[in-house]
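Engineer: Task: produce atomic coordinates for the following.
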Amino acid sequence: MPPEITDLPENVINAILMPLPLRDAVRTSILSKKWRYKWCKLPQLTLDDELWKTTDNLLSPSIRFTTIMYNILTLHQGPITHFTLSMSKLKKYPKICSLLHFLSRKGIQHLVLQFSEWNRLKLPSSFFTCLQLSHLTLQNCQICPPPAFEGFNMLISLELCHVSISSRSLESLISSSPLLEKLVLKFFDSMNHFQIRAPKLRSFDFLGCIKYISLKNSPHLAKLSLFYGESFEESEKCDLDNFFQPLLSLEHLHLEYGSFQFLTASVPRRLSSALNNLKRLYVSLDELTDLSCTLCLIRSSPCLQHLEVQVSIESDNKVNEVSASFSDVTLNYLKMVKVVGIIGTKLDMALIKLLLAKSPMLVKMLVEPDLQLVDEEKGVKILAELTTFQRVSGKAKVECQLERK
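Structural biologist: Numbering: from 1, shown residues only. Predicted structure coming up:
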């Protein structure tokens, strides 16, 4: 091999090897003597199910995995800052404790651990020694912090998916991460009430089933996404105003199916403190109470620019509320609107008519009827009615999607 290749700087070699699958990076060892152990100095490693696949039916994936782990533990030199381990198809997880202890000594900062949904691993004590972690993603595992664990005080991003953890342990894990800015919780198990204490939190994404979430101690939260996977009959009720009162920094709000289930104790006409920073709002309307909450949020967001509404309400009971409650409201900054799932009810059309009449800066409105319930004839009637609605914006373009994508 020419010296121009064998004598490349370390950072250039790493830039060549790191995008490669680890199997291919190891194979570069045959290029020359100088390249034999170059892969052993990589600061970023990704190990997934493809790596320990074998065509030898007598050699189990677990044995293959054990061999790979042994080679890494014995041959790797230098720091490992990024490590991804995906074991979704393995039934056993040998050497995990040794691996995590090894990573803690290597200065691990970005760690992704994904295990099988059929065998959730209880994280060993060595995991809690990785104190330099700044980004952590865990999937299909159990977290039981030891009593002496004081948290990951350098953690910036935390993502938990199908993780078993008590409400108290989760609260402690979050509150003991003072630098936390991004939090993603996607749970399979039901949880009780828990409070999020994260003074620097900027983004929170939740999917799951819970009685109640408190966000009173997250004053800088700018992006919030809530999705309740199933109804929780024992959900604690909180009025809308109390929930959003501490969230005045919100810029993006995404409220999916079931998100209003604990916010219906009391719905004011307008929040006591306006959401002056809110620019983008997505809401899913499944119940009439959802509509009241949505109208309140729109009235309380004077700088709203993008609005998307998913409609699944077939009742016309609140038609008058839609039109009457906006008599003193103008959406001066709203530019883009998308309304999905309408079937042409009076309530559907009243909402669209209202948005067109109250949005002087509107540029585009996209209407997508539910084509499983709206036939061609009904679709034409919806389109014809849309053309009769007054548009306060001379630039507003209204599109109605009547063809299946």
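
Engineer: neighbouring contacts of the helix or strand encompassing L183?
Structural biologist: With secondary structure defined by DSSP states H and E, L183 is part of strand 182-186. The list of residues contacting strand 182-186 from outside it, by C-beta atoms under 8 Å, 6 or more residues apart in numbering, reads 156-162, 170, 174, 196, 198, 201-208. Any C-beta I mention is one placed from the backbone N, CA and C, and that applies to glycine too.

Engineer: next helix or strand past that strand?
Structural biologist: Heading C-terminal from strand 182-186 (DSSP H and E), you reach strand 194-197.

Engineer: Need the mean per-residue confidence for that following strand.
Structural biologist: Across strand 194-197, the average pLDDT comes to 88.

Engineer: Show me what secondary structure element comes after that strand.
Structural biologist: Remark: after strand 194-197, the chain's next helix or strand is strand 203-208, criterion DSSP H and E.

Engineer: who does that next one pair up with?
Structural biologist: According to DSSP bridges, strand 203-208 forms sheet pairs with strand 182-186 (parallel), strand 223-228 (parallel).

Engineer: Lowest average pLDDT across those strands?
Structural biologist: Lowest mean pLDDT of the strands paired with strand 203-208: strand 223-228, a mean of 90.

Engineer: Strands along the stretch 101-250 of the chain, start to end?
Structural biologist: In the stretch 101-250 of the chain, the segments counted as strands under DSSP state E, counting those that start in this stretch are 110-115, 121-122, 135-142, 157-164, 182-186, 194-197, 203-208, 213-217, 223-228.

Engineer: so for the second one, what's the average pLDDT?
Structural biologist: Think strand 121-122. Across strand 121-122, pLDDT averages out at 90.

Engineer: For it, which outside residues touch it?
Structural biologist: For strand 121-122, the surrounding residues in contact (C-beta under 8 Å, 6+ apart) are 93, 96, 115, 140-142, 144.

Engineer: Low-confidence ranges, the stretch 151-300 of the chain, go.
Structural biologist: Residue ranges of the stretch 151-300 of the chain with pLDDT under 70: 188-192, 229-237, 262-265.

Engineer: cutoff 90 now
Structural biologist: 166-168, 187-195, 207-217, 227-243, 256-270, 285-293 (pLDDT under 90).

Engineer: Helices along this structure, start to end?
Structural biologist: Listed in chain order, the helices of the chain (DSSP state H) span residues 3-6, 10-17, 22-27, 61-75, 96-105, 167-175, 240-244, 288-299, 319-324, 346-357, 376-386.

Engineer: looking at the ones you listed, which is closest to S272?
Structural biologist: With distances scored as C-beta to C-beta, the stretch of the helices of the chain nearest to S272 is helix 240-244 (5.4 Å).

Engineer: What count of nearby residues applies to S266?
Structural biologist: By the measure other C-beta atoms under 10 Å, the count of residues near S266 is 11.

Engineer: Start the count at 362 instead of 1 going forward.
Structural biologist: Sure, I'll start numbering at 362, so the last one becomes S627.

Engineer: ok, now which ones touch it?
Structural biologist: Applying C-beta under 8 Å, 6+ apart to S627 gives the contacts 600-602.

Engineer: are any of these buried, and which?
Structural biologist: Buried members of those, counted by 16 or more other C-beta atoms under 10 Å: 601-602.

Engineer: Any idea how far the strand holding L544 is from the middle of the chain?
Structural biologist: Taking C-alpha atoms, centre = their mean, to the nearest Å, one finds strand 543-547 lying 6 Å from the centre of the chain it belongs to.

Engineer: One more: stretch 732-744?
Structural biologist: Centroid separation for stretch 732-744 versus its chain: 34 Å, with C-alpha atoms, centre = their mean.

Engineer: Tell me the confidence at V373?
Structural biologist: Looking at V373, its pLDDT stands at 75.

Engineer: Count the neighbours of it for me.
Structural biologist: If you count neighbours by other C-beta under 10 Å, V373 ends up with 9.

Engineer: residues touching it, list them.
Structural biologist: V373 touches nothing, counting by C-beta under 8 Å, 6+ apart.

Engineer: follow-up on the earlier one: would CSV of the strands paired with strand 564-569 with mean neighbour count and distance to K640 be doable?
Structural biologist: Listed next are the strands paired with strand 564-569 as CSV, based on neighbours: other C-beta atoms under 10 Å; distance: least, C-beta to C-beta, whole Å:
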stretch, mean neighbour count, distance to K640
strand 543-547, 19, 19
strand 584-589, 19, 10
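
Engineer: Looking at those strands, which is nearest to F513?
Structural biologist: Between F513 and those, the shortest gap by C-beta to C-beta is with strand 543-547, which sits at 12.7 Å.
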